[in-house]
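**Student:** Next one to model:
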Amino acid sequence: MNAGNLSKRLLSQMFTPTGMQVAPEPRALTIADIQQTIADFRHAATKAVEAGADGVEIHGANAYLVQQFFAPSSNARDDQYGGSIENRARFAIEVATAIAQEIGADRTAIRLSPGTSLWGIDDPFLNVDHAWMSAPTFPPHQHAGFAAISYVFLDSETGIANRDSTGTSNIIQPGGVHWLMAGKGVVHEEVPAESGKTVHSLQIFVQVRPDLRDAPTATLSIEPHEVPTISLPGTKVRVIAGEFAGRVAHGHA
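**Tutor:** Numbering: from 1, shown residues only. From the prediction side, this is the model:
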């Protein structure tokens, strides 16, 4: 069984006690299958801890089931587990939540492999950097063929002074976002806006369509007050890209 779009492409063989055999044709999980699979993850985590494991790492990488739900190339569902990023992430979140409720969040982890291309998976996420920067850590360097999204957390002591070879020069304030569509190539740098203060930031590197990989460089700066904020029980969510719970990020097409 799979997330919903591999059944016509995975016609391979598998090892069995009697030698190599043609693998059965997979099918998309039903909603009932998904709920049972989440329960199976929960049960397996419980048994692992009972057997003496310190914790559990969910395998969300290398084209296995959890990553199949993440990737649009393998997830063609039209229900609550497909379509938007929020929906495609739902299965992984529900699996992680179930395991954390069962054995504790401090014993629960997940493995991801951004940018993998195994078994036809085309993951849009290449890399994610979560950083605290108190000195010039990213001197001038080149990007080409992908997009970089920079976000400065609200608890950051200062913003980021952002400059690039196209003439862009701006401050990414705490709570603000800066998109860089590198296209055919650009040199840029990001340093703390004020010396002696620490920047708390997140940078996400994203695959783009082939026709955009050699396009002219483009940027988009989003001020803190332009970022949609959603209040949920016990937390707040800021939508810096895409959409979540009906709120759409600034500049999202």
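
**Student:** wait, what's in contact with residue 57?
**Tutor:** Each residue near residue 57 by C-beta atoms under 8 Å, 6 or more residues apart in numbering is listed here: 109, 110, 111. C-beta coordinates here come from the backbone N, C-alpha and C atoms, glycine included.

**Student:** Narrow those residues to those that are buried.
**Tutor:** Among the contacts of residue 57, those that count as buried by neighbour count (16 or more other C-beta atoms under 10 Å) are residue 110.

**Student:** So which of the contacts of residue 57 is the closest to residue 198?
**Tutor:** For those, the closest approach to residue 198 (C-beta to C-beta) belongs to residue 109, at 26.1 Å.

**Student:** What strands flank the helix or strand bottoming out on mean pLDDT in the chain, and is each parallel or antiparallel?
**Tutor:** Least confident helix or strand, the chain: strand 13-16 with a mean of 74, by mean pLDDT, DSSP states H and E. Strand 13-16 has these partner strands in its sheet, going by DSSP bridges: strand 19-22 (antiparallel).

**Student:** Check which helices and strands the following helix or strand past the strand it pairs with is in contact with.
**Tutor:** Downstream of strand 19-22, the first helix or strand assigned by DSSP states H and E is helix 31-50. Secondary-structure packing of helix 31-50 (3 or more C-beta pairs under 8 Å, 6 or more residues apart in numbering; DSSP states H and E): strand 56-60, helix 90-103.

**Student:** Any idea how far the first one is from the middle of the chain?
**Tutor:** The offset between the C-alpha centroid of strand 56-60 and the centroid of the whole chain comes to 15 Å, using C-alpha atoms, centre = their mean, to the nearest Å.

**Student:** Report the buried residues of it.
**Tutor:** 56, 58, 60.
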